[in-house]
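Engineer: no sequence on hand, only this structure:
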């Protein structure tokens, strides 16, 4: 759904490449998380996001695919990144976040930020930093975090909306806690 936040092309303006930046928290920022042993590496998480986006953004057959992927590993904030071109007019940048702000305070061209309820205060902090620099505030869009549960007897995935005990959303900490409990049984 995040990809749907892209601005549609304006037929009255010259065509320009559109960019979506996806910040993925770096491993170093996750070491103090509860159940950190259940965290995937940055590379694994980036690959999972890439596969998901490819499934919803790329409508070409593998033989038609004209994607170019480039890896960057530079010193400093936002130094590790992977750029993937989907055709000539769309670029996805997967950026490792090494501080609470990521590229939102180093790249003035960013115009929107998608947060969850857990990270809502981060959106305000980002905009405070940007306005202190004289930059435009970002449009902050909040999405709910939902999870489906595995039915251990059938192996099916149950919709959380059908589960009377589901509380509306589940945090990443709760997901890691469930994974940790499953791995100990």
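Structural biologist: Noted; the coordinates are in hand. Predicted, not measured: the structure shown is a model, and the values here were computed from it. Numbering: from 1, shown residues only.

Engineer: OK, contacts around the residue nearest the centre of the chain?
Structural biologist: Nearest residue to the geometric centre of the chain (C-alpha atoms, centre = their mean): residue 22, 4.9 Å. By C-beta atoms under 8 Å, 6 or more residues apart in numbering, the residues touching residue 22 are 2, 49, 53, 92, 93, 94, 95. (C-beta placed from N, C-alpha, C; glycine too.)

Engineer: distance of it from residue 131?
Structural biologist: Counting by C-beta to C-beta, to the nearest Å, the separation of residue 22 from residue 131 is 24 Å.

Engineer: now list the buried members of the contacts of residue 22.
Structural biologist: Among the contacts of residue 22, those classed as buried by 16 or more other C-beta atoms under 10 Å are 49, 53, 92, 93, 94, 95.

Engineer: in helices, which of those residues fall?
Structural biologist: 49, 53 (DSSP state H).

Engineer: now the buried ones among the contacts of residue 22 in JSON lines, with distance to residue 144?
Structural biologist: Formatted as JSON lines, those follow (distance: C-beta to C-beta, whole Å):
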{"residue": "49", "distance to residue 144": "18"}
{"residue": "53", "distance to residue 144": "20"}
{"residue": "92", "distance to residue 144": "23"}
{"residue": "93", "distance to residue 144": "25"}
{"residue": "94", "distance to residue 144": "23"}
{"residue": "95", "distance to residue 144": "24"}
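
Engineer: report the lowest-confidence entry in the buried ones among the contacts of residue 22.
Structural biologist: Ranked by pLDDT, the buried ones among the contacts of residue 22 bottom out at residue 53, which scores 88.

Engineer: which ones among the contacts of residue 22 are found in strands?
Structural biologist: Among those, DSSP state E puts 92, 93, 94, 95 in strands.

Engineer: so the residue lying closest to the second one once chain neighbours are set aside: helix, strand or coil?
Structural biologist: It stands for residue 93. Excluding its sequence neighbours, the residue lying closest to residue 93 (C-beta to C-beta, 6 or more residues apart in numbering) is residue 21, at 4.6 Å. Following DSSP: H, G, I helix; E, B strand; the rest coil, we place residue 21 in the strand state.

Engineer: next helix or strand past the helix or strand of the chain with the lowest mean pLDDT?
Structural biologist: None of the helices or strands of the chain scores lower by mean pLDDT, DSSP states H and E than strand 157-158, at a mean of 43. Counting by DSSP states H and E, the next helix or strand C-terminal to strand 157-158 is helix 172-183.

Engineer: check which helices and strands that next one sits against.
Structural biologist: For helix 172-183, there is no helix or strand it packs on, judged by 3 or more C-beta pairs under 8 Å, 6 or more residues apart in numbering; DSSP states H and E.
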